[in-house]
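K.L.:
Pasting the sequence and the predicted coordinates here, then a few questions.
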Amino acid sequence: MSEDAFETLAVHAGAEPDEITGAVAPPIYQTSTYAQDGVNRPRRGYDYARSANPTRERLERAVAALERGTHGIAFASGSAATAAIAQLAASGEEIVVGDDVYGGTYRYLERVHRPSGAAEARFVDLSVDPDHLWEQLTTRTRLVWFESPSNPLLKLTDIAEAAGTIRDRAEQSRGRCSSSTTRLPHRRSRTRSRSAPMWSSTPRRNTSGATPTRSSGSL
């Protein structure tokens with residue numbers, strides 16, 4: 001794993017010279033399909049952009065490097081990332097969720113995930129202290145989900161302390177931690193460096209009304 005400074009990674013991670021031409025400014029691949037050498041014989045694994053795209057892969061490598069993680073996974077929306085992470089918790093298990101989360105997360109867990117027969121979400125205040133969090137964890141807890149700062153009340157949860165509590169409790173079960181940030185600058189949050197196994201970052205809507213592409217995931 002690279003030991004380059006954050007400033008260096010912010011400039012160079014995922015921006016290696018183009019593998020084909022050596023161009024120092026890598027091209028942006030906007031194609032939706034790729035030529036194949038035969039039926040079901042894609043070149044270097046590329047068949048459709050929805051399954052693989054060189055530009056997206058660069059973003060994922062950059063996110064993983066910045067977070068000192070192993071892998072980065074980019075999604076087309078925050079909702080897609082939410083759905084994928086929630087699937088880690090199966091029927092009969094539970095997700096302990098901070099009581100102040102983005103409305104879209106709450107609606108997905110309550111109106112889609114739970115009715116489908118998947119894990120139950122239980123909403124509690126996770127910003128109090130590690131002892132309170134410990135008391136909320138059970139043998140059914142598969143995932144702990146919180147935002148720091150939260151939306152809209154800006155509650156703060158110490159990510160390192162929360163991850164440590166979950167890790168200690170996981171020795172008795174198998175819980176995982178997922179933290180999310182939409183308001184705190186990336187370098188200030190640095191979720192992975194604070195020991196959370198998983199994180200989600202969703203850029204805020206800009207003043208022009210256009211919604212930036214959202215990315216999530218370092219495992």
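P.N.:
On my side now, so go ahead.

K.L.:
dump the residue contacts of the closest residue to Y34 other than its chain neighbours.
P.N.:
Excluding the flanking residues, the one nearest Y34 by C-beta to C-beta, 6 or more residues apart in numbering is Y46, at 4.3 Å. The way it works is simple: take the backbone N, C-alpha and C, and place the C-beta from them, glycine included. When the contact criterion is C-beta atoms under 8 Å, 6 or more residues apart in numbering, the partners of Y46 are 34, 52-54.

K.L.:
Can I get those residues in TSV including pLDDT and secondary structure?
P.N.:
Conversion of these to TSV gives the following (pLDDT from 0 to 100; DSSP: H, G, I helix; E, B strand; the rest coil):
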residue	pLDDT	secondary structure
Y34	95	coil
A52	94	coil
N53	95	coil
P54	94	helix
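
K.L.:
So which of those wins on neighbours?
P.N.:
Of all the contacts of Y46, N53 has the most neighbours under the rule other C-beta atoms under 10 Å, reaching 20 neighbours.

K.L.:
Look up the closest residue to it, ignoring the ones flanking it.
P.N.:
Nearest one to N53, counting by C-beta to C-beta, 6+ apart, is Y29 at 5.8 Å.

K.L.:
The one you found contacts A52, correct?
P.N.:
No - shown here, Y29 and A52 do not form a contact pair, counting by C-beta atoms under 8 Å, at 10.1 Å.

K.L.:
show me what contacts the closest residue to A86 other than its chain neighbours?
P.N.:
Nearest residue to A86 in three dimensions, chain neighbours excluded: H113, at 5.1 Å (C-beta to C-beta, 6+ apart). Listed by C-beta under 8 Å, 6+ apart, the contact partners of H113 are 83, 86, 119, 121.

K.L.:
Which residue comes closest to the last one once chain neighbours are left out?
P.N.:
The reference is to A121. Excluding its sequence neighbours, the residue lying closest to A121 (C-beta to C-beta, 6+ apart) is L109, at 4.1 Å.

K.L.:
Name the nearest of the contacts of Y46 relative to T21.
P.N.:
Proximity of these to T21, judged by C-beta to C-beta, is greatest for P54, which lies at 12.4 Å.

K.L.:
where along this structure do the strands fall?
P.N.:
94-98, 120-124, 141-147, 176-181, 198-201, 215-216 (DSSP state E).

K.L.:
and the angle for the longest one with strand 120-124?
P.N.:
Relative orientation of strand 141-147 and strand 120-124, computed by axes from the mean of the first three to the mean of the last three C-alpha atoms, to 10 degrees: 50 degrees.
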